[in-house]
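Enquirer: Okay, sequence plus prediction incoming.
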Amino acid sequence: AQSVSQHNHHVILSEAASLELGCNYSYGGTVNLFWYVQYPGQHLQLLLKYFSGDPLVKGIKGFEAEFIKSKFSFNLRKPSVQWSDTAEYFCAVNVPAGKSTFGDGTTLTVKP
Amino acid sequence: DSGVTQTPKHLITATGQRVTLRCSPRSGDLSVYWYQQSLDQGLQFLIQYYNGEERAKGNILERFSAQQFPDLHSELNLSSLELGDSALYFCASSPRDRGFEQYFGPGTRLTVT
C-alpha cells in the first residue's frame, strides 16, 4: 500500500522567508500528487496537483511544487510567505488502483 | 465554497448512541470520500463510493458504515459511539473514481460526551 511522509510537523517562519515543505511517498508506479491547504477553522482546499508533464507545477497563491520521480518526492515551495499562509498543509497521493492517501500534515505558522 | 455540503455542522451526542452524517457532492461528481480528522490521528481516509458502489476502504471501524444513494448523496453512520470517535468528519467529492483532485466539504464536528 502507498504511504505519504511529511517530515516537518511544525514550521515557523517570519514573513518574507522562503518555504519548502517536504513530501515523500512510497509507491512504485504512476501516481497523481496533490497539495492541499487547510486554513484555521476551514476545510481542505486544493493548492496544486501533478498528473503528468512538466514536473514543476504552479498552484494558487504563489505556491509551486516539484515532482522528482527518482526521489519519490513532491516538495512544496513558496519564495516569500505571508502571514495569511498560516495553515496546515497536506500532501496526498492517488494511485490508479487504490485510494487517496494523505500525509500527517505540516502546520505552518508565519510570524508577522 | 467547494460545492460540497455537509450536515449537520455540529453534533453532540452521548456514548453508545448512533448518528448519521450527510454529504451532498458537487454537481456532476460521482465519487464521494469520507475522512476522519482528529488531533492525535491526523486525516484518516475512511471509505470511498463511486456512483453508488463502494470503491475503496480505509481505516473504517466496523461500527461505522456508509452508503451512497441514487441521487449521489452519501451518509456515514456511526454507531455505539465512544469518546474517541469525537473528531471532524469530512466528506469530499471528485468527478471520477480515481486520479482526480478532491473537493472537500466544511465538515461535521462530532463531540461524544
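Expert: That came through, no problem.

Enquirer: who touches residue B:12 in this structure?
Expert: B:111, B:113 (C-beta atoms under 8 Å, 6 or more residues apart in numbering or on different chains). To be clear about C-beta, it is placed using only N, CA and C from the backbone, and glycine gets the same treatment.

Enquirer: mind redoing it with 6 Å?
Expert: Counting by C-beta atoms under 6 Å, 6 or more residues apart in numbering or on different chains, residue B:12 makes contact with residue B:111.

Enquirer: And what about it, helix, strand or coil?
Expert: strand (DSSP: H, G, I helix; E, B strand; the rest coil).

Enquirer: Could you see whether chain B lies near stretch A:72-89?
Expert: No - Stretch A:72-89 lies apart from chain B when judged by C-beta under 6 Å from any C-beta of the partner chain; the minimum separation is 9.2 Å.

Enquirer: Likewise for stretch A:4-16?
Expert: No - Stretch A:4-16 stays clear of chain B (C-beta under 6 Å from any C-beta), getting no nearer than 9.6 Å.

Enquirer: buried residues in that stretch?
Expert: A:4, A:6, A:11, A:13 (16 or more other C-beta atoms under 10 Å in any protein chain shown).

Enquirer: gap between the last one and residue B:60?
Expert: Yep, that's residue A:13 we're talking about. 36 Å (C-beta to C-beta, to the nearest Å).

Enquirer: now do the third one
Expert: Between residue A:11 and residue B:60 the distance, using C-beta to C-beta, works out to 31 Å.

Enquirer: is residue B:109 in a bridge, and if so with what?
Expert: residue B:10, residue B:88 (DSSP bridges).

Enquirer: Tell me the secondary structure of the residue of chain B found nearest chain A, please.
Expert: Per C-beta to the nearest C-beta, residue B:56 is where chain B lies closest to chain A, at 3.8 Å. Secondary structure state of residue B:56, per three-state DSSP, is strand.

Enquirer: pLDDT on stretch A:74-91, on average?
Expert: The pLDDT scores in stretch A:74-91 average 97.

Enquirer: So which bits of it are buried?
Expert: Buried-residue list, stretch A:74-91, by 16+ other C-beta under 10 Å: A:74, A:75, A:76, A:78, A:81, A:85, A:86, A:87, A:88, A:89, A:90, A:91.

Enquirer: Residue A:92 and residue A:102 touch, don't they?
Expert: Yes - between residue A:92 and residue A:102 there is a contact under C-beta atoms under 6 Å: 4.6 Å.

Enquirer: In terms of packing, which of those two has more residues around it?
Expert: residue A:92 (25 against 21; other C-beta atoms under 10 Å in any protein chain shown).

Enquirer: do you know how far the more buried one is from residue A:106?
Expert: Taken as C-beta to C-beta, the span from residue A:92 to residue A:106 is 13 Å.

Enquirer: same question, residue B:111
Expert: From residue B:111 over to residue A:106 (counting by C-beta to C-beta), the distance is 26 Å.

Enquirer: do residue B:15 as well
Expert: Residue B:15 is 33 Å from residue A:106, by C-beta to C-beta.

Enquirer: Enumerate every residue touching the most centrally placed residue in chain B.
Expert: For chain B, residue B:34 is the residue whose C-alpha lies nearest the centre (C-alpha atoms, centre = their mean; 3.2 Å). Contacts for residue B:34 (C-beta under 6 Å, 6+ apart) come out as B:46, B:47, B:66, B:76, B:91.

Enquirer: how about these in a markdown table, adding neighbour count, secondary structure and distance to chain A?
Expert: Listed next are these as a markdown table, based on neighbours: other C-beta atoms under 10 Å in any protein chain shown; DSSP: H, G, I helix; E, B strand; the rest coil; distance: C-beta to the nearest C-beta, whole Å:
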| residue | neighbour count | secondary structure | distance to chain A |
| --- | --- | --- | --- |
| B:46 | 21 | strand | 10 |
| B:47 | 23 | strand | 9 |
| B:66 | 23 | strand | 14 |
| B:76 | 25 | strand | 16 |
| B:91 | 30 | strand | 9 |
